[in-house]
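In: any chance you could fold what I've pasted below:
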Amino acid sequence: MSEATEHPAPDADAWADACAEDLAAEKARRRAEYGTPPGSAAEELRKLIDAVSDKVAGVLGVQSSLPGMAAQNAVQQLIGQAKSAVEPVIERNPEVFDHLAAAGSELLAAYRSAVEGHERRWTAADDRKRDEGPGTTEHIDLD
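Out: Down below sits the predicted model:
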């Protein structure tokens, strides 16, 4: 073969680089269109715990009486204990929360399916009653 007919060896990483660029562009487009996507279930649980503790602290912070301050301290201690109990579980097993979230979605889908079936039957029964009218007419003898 002559040098004119030889093709340069393809860059082994060119395909991976092009895919990575396309993926990054698509992620940027989706972020711009839909906002930041939710994190994993474990990250969302952390955010929920932080939001609840901030909200409770804010509500209890409004109460400045002595019993209110005691309640605030007790609630903050309870929240701290809950965080310290949940955080190691999240750190060690974050995928567990993804599985629990998926299981919850499946349970919700099953519930919806069951309820929709009942709603169809109830709605059909109501429609039949409406078609029949207010009731059957019956002769009443007044003599």
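In: what helix or strand is the residue nearest the centre of the chain located in?
Out: Centroid-nearest residue in the chain, with C-alpha atoms, centre = their mean: A101, separated by 7.3 Å. In the assignment (DSSP states H and E), A101 maps to helix 94-132.
In: what is the mean pLDDT for that helix?
Out: In this model, helix 94-132 carries a mean pLDDT of 84.
In: buried set for it?
Out: Going by neighbour count (16 or more other C-beta atoms under 10 Å), the buried part of helix 94-132 is 94, 97. To be clear about C-beta, it is placed using only N, CA and C from the backbone, and glycine gets the same treatment.
In: same check, this time on stretch 28-46
Out: 41-42, 45-46.
In: what is the neighbour count of K27?
Out: If you count neighbours by other C-beta atoms under 10 Å, K27 ends up with 11.
In: any idea how far it is from A20?
Out: Going from K27 to A20 by C-beta to C-beta, to the nearest Å gives 11 Å.
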